[in-house]
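>>> sequence first, predicted coordinates after that:
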Amino acid sequence: MSVALDHVTRMVDGVATIRDVSLTLERGALSVLLGPTLSGKTSIMRLLAGLDKPAEGRVLVDGKDVTGFDVRKRSVAMVYQQFINYPSLTVYENIASPLRVQGKLRAEIETRVRDAAKLLKLEPYLDRTPLQLSGGQQQRTAIARALVKGADLVLLDEPLANLDYKLREELRTELPRIFEASGAIFVYATTEPSEALLLGGRTVCMWEGEALQAGETPKVYRHPDTMRVAQVFSDPPLNVVGIEKTGNAVRYEAGMEAAASGLYAALPDGAYRVGFRAHQLELANGHVGRHVFPAEVTVTEITGSESFVHIKRAQADWVAVLEGVHEFLPGETIEVALDPGDVFVFDTGGRLVAAPGAA
Amino acid sequence: MARIDLVDLAHSYAGNDADPESFALKPISMTWRQGGAYALLGPSGCGKTTLLNLISGIVTPSRGKILFDGVDVTSFSTRKRNISQVFQFPVIYDTMTVGQNLAFPLKNRGVAGPEIAARVAEIAELLDLTPYLDRKATRLTADAKQKISLGRGLVRSDVAAVLFDEPLTVIDPELKWELRSKLKALHRALDLTMIYVTHDQTEALTFADTVVVMHDGRVVQSGTPEELFDKPAHTFVGYFIGSPGMNIVPAEVRGREARIGGHVIALSRGYDKLPAGAAIEVGVRPEFVSVAPPAPGLLAANIERIDDLGRVRFARVRVGDAKLAARVPPGFSIPDSSAGLVFDAARVHVYADSRLVEGVL
């Protein structure tokens, strides 16, 4: 089965919250909706679920137009950021509830609840009520209920956002395995690039109600069509600088001439925007072929294994992530280096012109 | 600004007579220096919020004392303790301007007008709020409101301490970077004692000079981010700090050798006096184990999955019953699922009943 949005626009109070979005979601695949708050992730889910109707465009299931259909006729399960369970029911009954509504036989309910509980490591807690569980266990209960329903489409709206960091890490590594085992269409909304990378599958980058780019997650990460996609898919934020290429030389914004090496070599003369992630900057310790920038340290954050160095170069704020502990003081000037073969080059309109590796 | 001493401090919500093992906070004694930046880090239920509430005076401890600059404040109200607090959700007055919001804690304490103006200007400048001082606070975005909350928490220079309770939880990732670095800069500029509660290791490690890791009502380690990363004092710290956490594997340790499933790994320190009968494990962070083609002399492992985190790849491998994470070197391609593991001997630690054992060089 497949679910598709075909040129869908949604209006709220005369404002387009979703603009001309076309997406196709196939069975057995996980699709991540990645974007900041208010970029349209939840709106897309509500349209897919049939909770909202588009102002324009169609919602298709297996190619059939279901745009006007009642949500109850669609096979959909949803998990929200704020986990929702029935507080008076046991974990077992919480998971079983959609099956009871469907009027399934006792033996089938038993099997399916046990299977889901096993998958989500909830077996020891089946007799407890949700309030006797940790947040992570409560959310796993909500996910188990969504799975057991056997819905064709499972929508997860930032399901891990309210959980502890370590629990998030564990569930993130478990979820792809669970998705694979169930065979439904999964849609997972998140604001965090690292979560999209860990989940894998396909990623749709959302920005201000538009689906900017969709594709296999590592490919969207390594080959963003536009600077906006690279920005949505970078944490720490993408570093950006303007360049002007003339012949064999490039001139970086606010002065700094360098050889037009690396990806710059093949560019036609003209103005471009260069974007690079925090780990693409390094300290200028005499590396050959790098472009070196003096920059002023504003703050250094040390995690123990890495240092996030916030720097100011001309008027721009950059972040460099360096391996190990580097204690730079605010106001100190350091030299950072960039490999001109390892950057994204965009035209002045923000379209990708060159990226490392093959397309 | 104050030095804070916790003396045999403990708390049970069930009263002083409750079973000591059930205490939400088991007895701790610590000193936090004036002007320091501290983070209380741990999973939900570890006791960090209880500890914060004891310091702020919202909760009165079952046992022990709290001293601010040597003065016993255990029986003092929150107001009398003279602390300021920033919460998870913004606390601001919608009807006031941004400037009035920032000035409010000072006005409340009867600070003179010119002094208020100077301090509000200073804080607004540090938080990039100067252009918004005359704007009503009502129509601002959630993160702008949280910035004002931070400003209100930091505006008084006479407070004993500023307490932050998960202040960045509701903020989008990109703005978290900005607010975190602002907070760090503010700490440097203002010389205030700051205590920051979070379950997010990145926030704790990047904000604090000293991170206090809590687990099951106890402080399991208090140290710099570097110490917590390099030398976890407890396997819980190894697991909780770092992403993925430390690999912890049962082993037989003798002298300068650890034996895992019949395979010998060299250690850079000697362990001759391990406690008898203790459960012995070795701990090594995924950053210091890498996968290589299988070879004699390497611990054989089965690769189950590769996590591509963008700038680094980790292999999830299985060695017997144990699961480990190991770094995949750049450009390394995996022919099939069998691999060998290369350990950085100096980074392998030994634990007895979950506690770090100091080896002899």
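Arrived safely, thanks for sending.
>>> count the neighbours of the residue of the stretch 101-250 of chain B found nearest chain A for me.
In the stretch 101-250 of chain B, the residue found nearest to chain A is residue B:229; the distance is 2.8 Å by Cβ to the nearest Cβ. From N, CA and C alone the C-beta is placed, and that goes for glycine too. When counting by other Cβ atoms under 10 Å in any protein chain shown, one arrives at 25 neighbours for residue B:229.
>>> next: residue A:56.
14.
>>> so where do the helices sit in the stretch 101-250 of chain B?
B:113-126, B:142-154, B:173-190, B:201-207, B:225-230, B:235-240 (DSSP state H, counting those that start in this stretch).
>>> looking at those, spot the one closest to residue A:14.
Of all those, it is helix B:142-154 that lies closest to residue A:14, at 23.6 Å by Cβ to Cβ.
>>> quick one: contacts of the closest one?
A:37, B:84-87, B:90-92, B:98, B:101-102, B:104-105, B:123-124, B:127, B:129, B:132, B:137, B:140, B:162, B:164, B:167-168, B:170-172, B:175, B:179, B:182-183, B:186, B:190, B:192 (Cβ atoms under 8 Å, 6 or more residues apart in numbering or on different chains).
>>> show me what counts as buried in that helix.
By 16 or more other Cβ atoms under 10 Å in any protein chain shown, the buried positions in helix B:142-154 come out as B:143, B:144, B:145, B:146, B:147, B:148, B:149, B:150, B:151, B:152, B:153, B:154.
>>> circling back to that earlier point, ChimeraX command to pick out the buried ones of the contacts of helix B:142-154?
Of those, the buried ones can be selected in ChimeraX as follows, counting by 16+ other Cβ under 10 Å:
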select /A:37 /B:84,85,86,90,92,98,101,102,104,105,123,124,127,129,132,137,140,162,164,167,168,170,171,172,175,179,182,183,186,190,192
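>>> might you name the residue of chain A sitting closest to chain B?
Counting by Cβ to the nearest Cβ, chain A gets nearest to chain B through residue A:304 (2.8 Å).
>>> these two touch, right, that residue and residue B:225?
Yes. Using Cβ atoms under 8 Å, residue A:304 is in contact with residue B:225, at 3.8 Å.
>>> for the lowest-mean-pLDDT helix or strand in chain B, packing partners?
Using mean pLDDT, DSSP states H and E, helix B:173-190 stands out as the lowest-scoring helix or strand of chain B, at a mean of 83. Here helix B:173-190 touches strand A:291-302, helix B:113-126, helix B:142-154, helix B:201-207, going by 3 or more Cβ pairs under 8 Å, 6 or more residues apart in numbering or on different chains; DSSP states H and E.
>>> can you rerun that using 6 Å?
Using 3 or more Cβ pairs under 6 Å, 6 or more residues apart in numbering or on different chains; DSSP states H and E as the contact test, the elements touching helix B:173-190 are strand A:291-302.
>>> in the strand it packs on, what counts as buried?
A:291, A:293, A:295, A:297, A:298, A:299, A:300, A:301, A:302.
>>> that one and chain B, are they touching?
Yes. Contact of strand A:291-302 with chain B (Cβ under 6 Å from any Cβ of the partner chain) involves A:299, A:301, A:302.
>>> give me every residue in chain A lying close to chain B.
A:36-37, A:164-166, A:191-192, A:197, A:218, A:221, A:235-237, A:279, A:299, A:301-305, A:310, A:325.
>>> which stretches of the stretch 101-250 of chain A form helices?
A:106-119, A:135-148, A:165-182, A:193-199, A:217-222, A:227-232.
>>> could you tell me the least trusted of these?
Among the helices of the stretch 101-250 of chain A, helix A:165-182 carries the lowest mean pLDDT, at a mean of 80.
>>> tell me which residues are up against it.
Identification of contacts with helix A:165-182 by Cβ atoms under 6 Å, 6 or more residues apart in numbering or on different chains yields A:30, A:119, A:136, A:147, A:160, A:186, A:198-200, B:199-201, B:240.
>>> returning to that earlier point: mind putting the buried residues of strand A:291-302 in TSV, pLDDT included?
Shown next, in TSV, are these (pLDDT from 0 to 100):
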residue	pLDDT
A:291	95
A:293	94
A:295	94
A:297	94
A:298	89
A:299	87
A:300	88
A:301	87
A:302	86
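>>> average pLDDT across stretch B:95-111?
93.
>>> now do the buried residues in that stretch.
For stretch B:95-111, by 16+ other Cβ under 10 Å, it's B:96, B:97, B:98, B:99, B:100, B:101, B:102, B:103, B:104, B:105, B:106, B:111.
>>> run through who's touching it.
By Cβ under 6 Å, 6+ apart, the residues outside stretch B:95-111 that reach it are B:92-93, B:116, B:120, B:123, B:129, B:132-137, B:148, B:151-152, B:155-156.
>>> measure how far it is from the centre of its chain, please.
Taking Cα atoms, centre = their mean, to the nearest Å, one finds stretch B:95-111 lying 31 Å from the centre of the chain it belongs to.
>>> and stretch A:248-258, by the same measure?
When C-alpha coordinates are averaged (Cα atoms, centre = their mean), stretch A:248-258 and its chain have centres 34 Å apart.
>>> likewise stretch A:291-300?
Chain-centre distance of stretch A:291-300: 29 Å, with Cα atoms, centre = their mean.
>>> over to stretch A:5-21?
That offset, for stretch A:5-21, works out to 21 Å (Cα atoms, centre = their mean).
>>> over to stretch A:15-22?
19 Å.
>>> mind saving the C-alpha coords of that stretch as PDB?
Extracted in PDB, the C-alpha atoms of stretch A:15-22 (Å, rounded to 0.1, in the frame of the first residue of the first chain):
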ATOM      1  CA  VAL A  15      -2.700  31.700   5.900                       C
ATOM      2  CA  ALA A  16      -1.200  28.700   4.100                       C
ATOM      3  CA  THR A  17       0.300  26.400   6.800                       C
ATOM      4  CA  ILE A  18       1.100  23.800   4.100                       C
ATOM      5  CA  ARG A  19       2.100  24.900   0.700                       C
ATOM      6  CA  ASP A  20       1.800  22.700  -2.400                       C
ATOM      7  CA  VAL A  21       3.300  19.600  -0.800                       C
ATOM      8  CA  SER A  22       3.600  16.300  -2.800                       C
END
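>>> ok, and what's touching it?
Under Cβ under 6 Å, 6+ apart, the answer for stretch A:15-22 is A:5, A:6, A:7, A:8, A:9, A:10, A:40, A:43, A:209, A:210, A:211.
>>> which residue comes closest to the fifth one once chain neighbours are left out?
Nearest in space to residue A:9, with sequence neighbours left out and distances taken as Cβ to Cβ, 6 or more residues apart in numbering or on different chains, is residue A:56 at 4.3 Å.
>>> any buried residues in stretch A:45-53, and which?
So stretch A:45-53, judged by 16+ other Cβ under 10 Å, has buried residues A:45, A:46, A:47, A:48, A:49, A:50, A:52.
>>> widest-spaced pair of those?
Pairwise distances across the buried residues of stretch A:45-53 (Cβ to Cβ) peak at 10.5 Å, for the pair A:45 and A:50.
>>> pretty sure residue A:302 sits against residue B:225.
Yes. Under the criterion of Cβ atoms under 6 Å, residue A:302 is in contact with residue B:225, at a separation of 5.2 Å.
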